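[1] Here is my input; please provide its structure:
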Amino acid sequence: MSMASHYNRITKIVLLLITIISALQLMQQVSSFEFEVGDNNGWVVPPANDTKIYNDWASEQRFKVGDTIRFKYKKDSVMEVNETEYKKCNSTHPYLFSNTGNSIIKLDRSGLFYFISGASGHCEKGQRMIVKVLSLEQDSQSSSSGSSGGHTSSSSGSGAATLSFGALKLVSYVQFVELFLASYILYV
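    Okay, here's the model as predicted:
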């Protein structure tokens with residue numbers, strides 16, 4: 001084997017590896033979602049007759065580790081607190097406080113996250129929410145058991161795009177295989 005053909009083969013292998021790494025990064029990006037709390041209304045004090053609106057909304061979603069939630073609001077704030085502070089609408093020791101009007105919070109672990117408004121009296125009027133983030137095991141179990149529960153993503157005021165997480169994984173893997181095969185054919 002000549003030096004030129006050896007160099008050419010190494011170049012093809014390197015390009016194939018770059019393509020594979022790029023495809024894996026794409027799969028990681030595709031598998032997380034951003035949820036907009038309150039959809040078009042944002043993070044506001046709910047109507048008196050609908051004080052469970054945020055918990056009802058959160059219970060309809062399938063949050064997983066790596067997803068983000070966006071709180072949009074005016075003259076308000078959002079705080080992540082523990083369960084006791086959530087139940088008491090107490091905001092003296094929050095894990096997180098944001099009053100930017102456009103707060104994005106990454107769900108970096110499985111379990112429960114408790115959010116309340118930091119504005120005086122808003123939590124007591126129902127501006128609070130519990131988010132349950134599934135572990136990888138819970139997510140794969142519910143996908144394989146055939147339970148419904150689409151993974152919903154709502155972005156900046158437009159309609160919500162709904163796609164089950166299992167279907168999204170399948171699409172990502174198919175794209176990965178297509179990229180791999182195309183790369184192999186082109187480079188080898």
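[2] helix or strand for the spatially closest residue to residue 105 that is not a sequence neighbour, which one?
    Nearest residue to residue 105 in three dimensions, chain neighbours excluded: residue 69, at 5.4 Å (Cβ to Cβ, 6 or more residues apart in numbering). From N, CA and C alone the C-beta is placed, and that goes for glycine too. Mapping residue 69 onto the secondary structure by DSSP states H and E places it in strand 68-72.
[3] mind listing what that strand pairs with, with the direction of each?
    strand 34-36 (parallel), strand 102-106 (antiparallel) (DSSP bridges).
[4] which of those sits most buried?
    Here the criterion is mean neighbour count by mean count of other Cβ atoms under 10 Å, and of those the winner is strand 34-36, at a mean of 20.
[5] Number of residues surrounding residue 53?
    Other residues within reach of residue 53, judged by other Cβ atoms under 10 Å, total 17.
[6] ok, it touching residue 46?
    Yes: Residue 53 lies in contact with residue 46 (Cβ atoms under 8 Å); the separation is 4.4 Å.
[7] what residues do the two have in common as contacts?
    Between them, residue 53 and residue 46 share the neighbouring residues residue 126, with contact defined by Cβ atoms under 8 Å, 6 or more residues apart in numbering.
[8] quick one: pLDDT of the nearest residue to residue 94 once chain neighbours are set aside?
    Using Cβ to Cβ, 6+ apart and skipping the chain neighbours, the partner closest in space to residue 94 is residue 79 (3.8 Å). Here the pLDDT value assigned to residue 79 is 97.
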